[in-house]
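Trainee: okay, here's the prediction I keep looking at, along with the sequence it came from:
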Amino acid sequence: QNGEGSSQYMFTNKILQDRENKFGKLIEALVPRERTMVRVDTIALLRTLLDNRQEEMEAALGSIPMGMQTLVDMLDDEREEVKYEMLILLLQLTETNKELQTFLAFADGFTRLFQIINEDRNMDV
């Protein structure tokens, strides 16, 4: 069962509805730098939440102090797998949401994205 009543959607709803505890803890899990797989897995879970409930995920992210900034800060991670996963999440988040696009612009997110693209191009040479 993969529809709205599936356990996948029920867990998504539980996480997104408990913004301070469950969702807030997910964002906090991104902060420690030394645990690569925790970061990668947390970003993957955030992407799943976004896929399941885009509007609710965006609202939950907006309700967490420093939530979006924490995501943008992940672009500074030196580990490619963390940076790559965060790039995908940020692209998904800002694809249709003007408010998040504006935040990214004012948080130098676009500058960071272009720096990453240029670094990758230089590495390919």
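Mentor: Right, received. Where do you want to start? This one's a predicted model, so the numbers in the text were calculated from it and none came from an experiment.

Trainee: low pLDDT regions in the protein?
Mentor: Within the chain, the stretches with pLDDT under 70 are 1-5, 123-125.

Trainee: nearest residue to the middle of it?
Mentor: For the chain, the residue sitting closest to the mean C-alpha position, by C-alpha atoms, centre = their mean, is Leu89 at 4.7 Å.

Trainee: where's that one, which helix or strand?
Mentor: Taking DSSP states H and E as the criterion, Leu89 maps to helix 80-94.

Trainee: sort out which residues of that helix are buried, please.
Mentor: Using 16 or more other C-beta atoms under 10 Å as the test for burial, helix 80-94 gives Val82, Lys83, Glu85, Met86, Leu87, Leu89, Leu90, Gln92, Leu93, Thr94. No exception for glycine: its C-beta is placed from N, CA and C like everyone else's.
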